[in-house]
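Student: A predicted structure for the sequence below; I have some questions about it.
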Amino acid sequence: MSTILNPRQNQAVRHIDGPCLVLAGAGSGKTRVITHKIAYLIQACAIDARHIAAVTFTNKAAREMKERVGKLLRGDAGKGLRVSTFHTLGLDILRREYKALEYKAGFSIYDSADSTHLLKELMKRSFGDDGGQAERMLWQISRWKSEFVLPEQALQLADGDVNQTTAALLYEQYRHYLKTYNAVDFDDLIMLPVILFREHPEILERWQNRIRHLLVDEYQDTNSTQYELVKQLCGVRGNLTVVGDDDQSIYAWRGAQPENLSLLQQDYPNLKVIKLEQNYRSTGCILKAANRLIASNPHVFEKRLWSELGYGDPIRVIRTRNDQHEAEQVVSEIMHHMFVQRTQYADYAILYRGNHQSRLFEQALREHDIPYYLSGGTSFFAYTEIKDIMSYLKLITNPDDDNAFRRIINTPRRELGPATLEKLTEYAMGRGHSLFVSAMEFGLSQVLSDRAAEKLQRFCHWILDLQHQAEGDAPASVVKRLIVDIDYERYLLDNSRDEIIAERKLENVNELANWFERLAKANPDASLNELVTKLTLLDTLDRNEEDERGNRVHLMTLHAAKGLEFPHVYLVGMEEMLLPHRSSIEEESLEEERRLAYVGITRAQKTLTFTYANQRKRHGEMQECSPSRFIDELPDEDLKWSGEGVEMDPEERQQRGQAHIASLRSMLAGTSNE
Ligand SMILES: Nc1ncnc2c1ncn2[C@@H]1O[C@H](COP(=O)(O)OP(=O)(O)OP(=O)(O)O)[C@@H](O)[C@H]1O
Ligand SMILES: [Mg+2]
C-alpha cells in the first residue's frame, strides 16, 4: 500500500514527540493524517499498537478508520489498537475501573428513555409534580455533565434561582439513584472516568502508560469534559494529535466547544500547528461553492482550500412541486444517472437536515426496489411518539397485546396509575386472561375502586369503538381519529422539553398518519390490521439492516454525514425553516446552520444536487416553502437550475414520470444481468 502524503501531512505524521494540531478545511486529508500516523507509529517507530488510541465521533467513522489503518498495516501489527468513540473509550475505562468508583460489576447503561423515566419518578416523589418537565431536566443535567459541572457546583451556579436550584437538587438525587441502581447514563461514560482519574492518580498513571499516543479526529466537536479526559490521558508526555475544522463544528447545541481548538494553544505552549490547504475530495466547482458559503461566517482561523481536480459538473438545483414529488424526483434522478454513468447504488447519498425527512425517500426507494442504508439517528419506529401510536394501533387490532396495553394505558394520563395496573395484572394473571379482556370483566370491581374500574372500562369501550370503525372506514381515518381523541398534540406540548421538540414529535406522528394514508391507497383491500403488521415488519427489517456494507444508496442526516464522502450527493430540503432550521431563524443563530450546509456540500466528490419543494406537508397540512437563503449565497454562475414550472398539468407530469421510471427500471434490470 502506497502511503501518499503531501509535505504538510507528512510533517504532521512525523511529529511524534509532543502535541500537534492539524487545523484544516473539509477533504484536506485530516483523517488521512490520523490513519497514516497510526501506521507510522507502529511500523516506523516500532510502537506497540496497544499503546495507541484513536478517538472519533461516530461508531461508523470509527469502523471506517479501523479498516483504513488495517489496510496500511502488515499482518496483525494492529493488534490491541484502540479506535473508538469517546463514549466507547470511557466505557472501556469504566469496565476495568468500576470498583474504584464503588460501582458493582455488570453495571447497566441507561439510554435517554431510561433516564427520563428515573427523573420522572424522582420528580413525582420529591417535588410532588407529574414529572412533565423530566426531559427538560435531563437536558439540563446532560449539559452540566458535558461541562464537567458536578451537582454541588450546579447548586452554587444556580445562585438562588428557583428553577436552576430545583434542577441542581434533582441532579444530585439522580446521581445518587443511578449509583444505587448500579447504572450509568451516557454522559457518565465520559464524566466518571474524569472523576476517577482526579481522585486516583495511581489509576491515571496506569492509563497514561497504557495510552502513550492519543489521536483525536473531529476535534472541533469535543465538549469540555471530553477535553478534560484528553488532557488527563496525555499528561505531561503530551503525545497528542488532534485534527479538526472549526467550520465543521455542528454540535454546539450539545455542549461542544469549538473554543477548545484555541484552548489547546494555551494549554500546550509547545503545540505544533499544521494547516492543510489542498482538497483532494471535491471538484473545483463544489469546492468553490463550499468556500463561498462559509465565507459568510466569521472566522477565528483563516483557511483557504484549493483543488486540482478540475472544475467538474456545475451544481444542480432542482425545484419540485412538493415533498413527495421531491422524493420521487431524486429517486428517478439517481436511477437515470446510474444508467447513464454506469455507477453503483453505493455512489449516492441523500442528505437532509432532520430525521423525519427520511421517510418519503425511504418509501420512494422501496417502491423502486432500490437498496438503501439509513444510518445515524434513531429508527423512525424507535421514537417514543411512534411507539405510542403504534401501540394504540396494535391494541386496536389485537386487544390481547399486553405490552401495548401497558405502554399506553396511562399515556396520555388517564389517572390509571401503577397501583391500578398492578391490581389489574394480578387479577388478569389469576384469570389467565389478557389485561384488556380482564379490564372488561365484571369481577374486576371487587379488586379495584369503582372509579378506577369505570375508567378502565371507558377506555376499553373506546378501543372497541375504534376497532369497529376500522372494519368499515379507511385505515387512515382511524389513525387520525385516534390522535385527536387522545389529544396527543396537547400531551406532546405538555411533556416535551420545549415547543420545538414537541413540534418535531408531532411531525413524526403526522408522518406516520400520512404513511398509513399512502399505504392504504397502494393496497386498497388491506385492513388496518394488515397495514399495522406491514409497518411492524418494516421496522424489524430496518433494525436488522445493521450491516451497512453492500451496494446501497446512503440516507442520513447532515450530522451523521460528518467525515464521510460520496461521489454523488443529493442535499435535499434546501428550504427556509428546514435548512436553516426554523429555531435558528427565530433565534437569529444562523452560523451553525451554515456550517451544517458546508458539511453537506463538502461530502460530495463529483456531483452535487440541491433540491427543494414548493410545498411541504407540515402538521398534516400543505404549506408553501421558499428556497434556502444558503442557495442565494452560492456563486450564481455555477448553479444550473431545473425543475417544476407550472407549464404542465401535475397529473400528466406524474404519469409521464411514472412511465419514465418504469422504462428506466426495466433497462437497469437488464444491465444488472450482464
Ligand atoms: N495526499 C493525498 N493524496 C491523495 N489523496 C488524498 C491525500 N490526502 C487525502 N486524500 C484523499 O482525500 C479525501 C479526503 O480525505 P480525508 O477524509 O482524510 O479529509 P478530511 O480532512 O478528514 O475531511 P473532513 O473534514 O470531511 O473530515 C480522501 O478520499 C483521501 O483519501
Ligand atoms: Mg475527516
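Tutor: Thanks, I have it. Residues are numbered from 1 along each chain as shown. Ligands and ions are numbered 1, 2, ... in the order given.

Student: all contacts plus neighbour counts: C-alpha atoms, from now on.
Tutor: Noted.

Student: whatever residue of the stretch 151-300 of the chain ends up closest to ligand 1 and ligand 2, how far apart?
Tutor: Residue nearest to ligand 1 within the stretch 151-300 of the chain: Y280 (4.1 Å; C-alpha to the nearest ligand atom). Counting by C-alpha to the ion, to the nearest Å, the separation of Y280 from ligand 2 is 12 Å.

Student: and the residue of the stretch 451-600 of the chain found nearest ligand 1, how many neighbours does it have?
Tutor: In the stretch 451-600 of the chain, the residue that lies nearest ligand 1 is G563 (3.6 Å; C-alpha to the nearest ligand atom). By other C-alpha atoms under 10 Å, 21 other residues sit near G563.

Student: remind me which helix or strand the closest residue to it other than its chain neighbours belongs to.
Tutor: Computed as C-alpha to C-alpha, 6 or more residues apart in numbering, the closest residue to G563 that is not its neighbour in sequence is A61, at 7.2 Å. Assigning secondary structure by DSSP states H and E places A61 in helix 59-72.

Student: Provide the strand pairings for the next helix or strand after that helix, with the direction of each partner.
Tutor: For helix 59-72, the succeeding helix or strand toward the C-terminus, using DSSP H and E, is strand 82-85. Here strand 82-85 has these sheet partners by DSSP bridges: strand 52-56 (parallel).

Student: got the angle for the partner strand vs helix 59-72?
Tutor: Interaxial angle of strand 52-56 relative to helix 59-72 (axes from the mean of the first three to the mean of the last three C-alpha atoms, to 10 degrees): 140 degrees.

Student: helices or strands up against the helix holding A61?
Tutor: For helix 59-72, the packing partners by 3 or more C-alpha pairs under 8 Å, 6 or more residues apart in numbering; DSSP states H and E come out as helix 30-43, strand 82-85.

Student: nearest to ligand 2, of those?
Tutor: helix 30-43 (4.1 Å; C-alpha to the ion).

Student: just to revisit the earlier point, the residue of the stretch 151-300 of the chain closest to ligand 1 reaches G29, doesn't it?
Tutor: Yes. Using C-alpha atoms under 8 Å, Y280 is in contact with G29, at 7.2 Å.

Student: which of those two has more neighbours?
Tutor: Neighbour totals were compared for Y280 and G29, and G29 leads with 22 against 16 (other C-alpha under 10 Å).

Student: and the helix or strand hosting E454, C-alpha only, in PDB?
Tutor: E454 is part of helix 450-472 when elements are defined by DSSP H and E. The C-alpha coordinates for helix 450-472 follow below in PDB (Å, rounded to 0.1, in the frame of the first residue of the first chain):
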ATOM      1  CA  ASP A 450     -65.400   1.900  41.300                       C
ATOM      2  CA  ARG A 451     -63.700   4.900  39.800                       C
ATOM      3  CA  ALA A 452     -60.700   3.100  38.500                       C
ATOM      4  CA  ALA A 453     -62.900   0.200  37.200                       C
ATOM      5  CA  GLU A 454     -65.100   2.600  35.400                       C
ATOM      6  CA  LYS A 455     -62.200   4.500  33.900                       C
ATOM      7  CA  LEU A 456     -60.700   1.300  32.600                       C
ATOM      8  CA  GLN A 457     -63.900   0.200  31.100                       C
ATOM      9  CA  ARG A 458     -64.500   3.500  29.400                       C
ATOM     10  CA  PHE A 459     -61.000   3.100  27.900                       C
ATOM     11  CA  CYS A 460     -61.800  -0.400  26.600                       C
ATOM     12  CA  HIS A 461     -65.100   0.600  25.100                       C
ATOM     13  CA  TRP A 462     -63.300   3.400  23.300                       C
ATOM     14  CA  ILE A 463     -60.800   0.900  21.900                       C
ATOM     15  CA  LEU A 464     -63.600  -1.300  20.800                       C
ATOM     16  CA  ASP A 465     -65.300   1.600  19.100                       C
ATOM     17  CA  LEU A 466     -62.200   2.300  17.100                       C
ATOM     18  CA  GLN A 467     -61.900  -1.300  16.300                       C
ATOM     19  CA  HIS A 468     -65.500  -1.200  14.900                       C
ATOM     20  CA  GLN A 469     -64.700   1.900  12.900                       C
ATOM     21  CA  ALA A 470     -61.600   0.200  11.500                       C
ATOM     22  CA  GLU A 471     -63.800  -2.500  10.000                       C
ATOM     23  CA  GLY A 472     -65.700   0.000   7.900                       C
END
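
Student: on contacts alone, who are the packing partners of that helix?
Tutor: Against helix 450-472 (3+ C-alpha pairs under 8 Å, 6+ apart) you get helix 384-397, helix 435-439, helix 475-485.

Student: following the helix or strand containing R321, which helix or strand comes up?
Tutor: Assessed by DSSP H and E, R321 sits inside strand 315-322. Sequence order places helix 323-341 as the next helix or strand after strand 315-322, per DSSP H and E.

Student: render the CA-only coordinates of that next one in PDB, please.
Tutor: Extracted in PDB, the C-alpha atoms of helix 323-341 (Å, rounded to 0.1, in the frame of the first residue of the first chain):
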ATOM      1  CA  ASP A 323     -42.100  17.000  -0.700                       C
ATOM      2  CA  GLN A 324     -43.400  13.800  -2.200                       C
ATOM      3  CA  HIS A 325     -42.500  14.900  -5.700                       C
ATOM      4  CA  GLU A 326     -39.100  15.800  -4.400                       C
ATOM      5  CA  ALA A 327     -38.500  12.200  -3.200                       C
ATOM      6  CA  GLU A 328     -39.700  10.700  -6.400                       C
ATOM      7  CA  GLN A 329     -37.700  13.100  -8.400                       C
ATOM      8  CA  VAL A 330     -34.400  12.300  -6.500                       C
ATOM      9  CA  VAL A 331     -35.000   8.600  -6.900                       C
ATOM     10  CA  SER A 332     -35.700   8.800 -10.600                       C
ATOM     11  CA  GLU A 333     -32.600  11.100 -11.000                       C
ATOM     12  CA  ILE A 334     -30.500   8.500  -9.300                       C
ATOM     13  CA  MET A 335     -31.800   5.700 -11.500                       C
ATOM     14  CA  HIS A 336     -31.300   7.800 -14.600                       C
ATOM     15  CA  HIS A 337     -27.800   8.800 -13.500                       C
ATOM     16  CA  MET A 338     -26.800   5.300 -12.700                       C
ATOM     17  CA  PHE A 339     -27.900   4.100 -16.100                       C
ATOM     18  CA  VAL A 340     -26.000   6.800 -18.000                       C
ATOM     19  CA  GLN A 341     -22.900   6.800 -15.900                       C
END
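
Student: next SSE downstream of it?
Tutor: Beyond helix 323-341 toward the C-terminal end (DSSP H and E), the next one is strand 348-352.

Student: chain center to that following strand: distance?
Tutor: Distance of strand 348-352 from the chain centroid (C-alpha atoms, centre = their mean, to the nearest Å) equals 14 Å.

Student: ok, it: who's next to it in the sheet?
Tutor: Short version: by DSSP bridges, strand 348-352 pairs with strand 553-557 (parallel), strand 566-571 (parallel).
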